[in-house]
Each structure stands twice: as C-alpha cells, then as structure tokens.
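> Build me a model:
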Amino acid sequence: MICAGPALTISNTDEAAYPNSILDDAQTRQAFKAFCPETIDEEETPPKLGFWRRQFDPNATSAQKRFDWLFGVIFPVICFAFDPGIFSGEHAVLAQYAPAAYGLSYAAIMGTMLWLLMGQKLAVFNALLAALLGVSAVVSLVIGVVLFPFSFVGMMFIIGFLGYTPLLMSFSLFRNAVRAFRASNAHV
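Got it, this is the predicted structure:
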C-alpha cells in the first residue's frame with residue numbers, strides 16, 4: 001500500500017540509522033505513522049541486523065556455532081588426515097611450512113574448541129585466545145589463497161572441495177577472535 005502525503009523530511013541526528021531501512025529511528029517512525037498510520041504495525045519490532053553485524057554480534061547463533069565446529073574443528077582435522085600432497089608427500093606444495101602449519105593449526109583448533117566450550121568464562125585469558133585466533137585466521141587465509149587454484153582444479157576429483165577449508169576456517173577463526181577480544185575487554 002502506498003501512502004500519499006507531503007514529503008517526509010528526516011532530520012540529521014547524532015546517530016546514523018542502520019541502512020536496512022529508513023524507519024530505524026524512533027523520530028522517523030513517529031513521523032511516518034502520522035502520514036501513513038495503516039502501514040506500520042503498532043508492535044515495535046527490533047531492527048534486523050545485516051549479515052556482517054550478525055556475524056560479529058557477541059551472541060552466537062546455533063547455526064554459527066555449528067559452522068564454527070564444522071569448519072573450525074572437524075574439517076581441518078579431516079584435511080590433515082587426508083592430506084593430498086599439500087603438506088606431506090613427495091611433491092608437497094607447502095612441505096617446507098608443514099611444521100609451522102601443523103603446530104599453529106593444532107593450537108587454532110584447540111583454541112577454537114576452548115572458545116566454543118568456555119566462551120566468556122575465560123575472563124582475561126580471552127585476550128590471549130583472541131591473539132591466537134587472530135594470527136591463525138591470517139595464516140589460514142594465506143594458506144587458503146595459495147591453495148585456491150589447486151582446490152579449483154581438484155574439485156573435479158571431489159577432494160578439491162576440502163581445499164576451501166582454510167578459507168572457511170579463517171572466517172570462523174576471525175569471527176571468534178573478535179568475540180574473544182570483546183569478551184576480554186569486558187573483563188578489564
């Protein structure tokens with residue numbers, strides 16, 4: 001339903017409204033209700049967060065937790081178990097970086113598990129955990145970018161899909177690093 005009326009002017013306030021809708025601040029809602037009362041429900045609904053704000057919101061959803069368990073813990077272990085010549089083997093692409101990659105991956109997987117199980121209960125230790133997860137996210141992203149062409153070609157053999165795990169793991173690690181950092185700031 002379209003409401004005809006005089007042009008709606010929005011004053012500039014200190015806080016910018018979230019870009020999902022022009023109706024996100026109370027003043028704009030009240031002005032719009034005056035012109036078109038039938039278009040707005042009487043029940044106030046909280047503004048819907050955008051994708052990126054949802055991903056880094058302090059409260060993780062169950063879907064985000066499943067994603068973090070899957071791509072932050074389970075698939076990385078599977079990738080190391082079924083390494084098709086990335087870190088081990090005669091013609092391994094990243095063989096010279098294998099000790100560092102295995103050590104950091106182990107620490108990142110354990111850190112992810114610790115964060116997912118304990119979360120904000122770790123208090124000030126969350127700063128160390130945030131640093132570990134942040135560094136691991138950057139390294140995982142670099143490995144994912146290096147493996148991207150090999151994964152793209154390897155998709156014909158199905159195992160290539162595992163090559164995208166470092167990219168997805170880096171996203172999971174970064175999201176949890178941000179959450180752990182925020183949790184550490186709350187306890188300082």
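
> what's whichever helix in the chain runs longest packed up against?
The helix spanning the most residues in the chain, taking DSSP state H as the definition, is helix 126-154. Using 3 or more CB pairs under 8 Å, 6 or more residues apart in numbering; DSSP states H and E, the elements in contact with helix 126-154 are helix 98-118, helix 165-186. All C-beta atoms are positioned from the backbone trio N, CA, C, and that covers glycine.

> Leaving out chain neighbours, which residue sits closest to F152?
Of all residues not flanking F152 in the chain, G160 sits nearest, at 7.0 Å (CB to CB, 6 or more residues apart in numbering).

> Let me see the mean pLDDT of the longest helix of the chain.
The average pLDDT within helix 126-154 is 91.

> Quick check: buried residues in it?
Neighbour-count burial for helix 126-154, counted by 16 or more other CB atoms under 10 Å, picks out 126-127, 129-130, 132-134, 136-137, 139-141, 143-144, 146-147, 151, 154.

> Just say which of the helices and strands packed on helix 126-154 is most tucked in.
Most buried of the helices and strands packed on helix 126-154 by mean neighbour count (mean count of other CB atoms under 10 Å) is helix 165-186; its value is a mean of 21.
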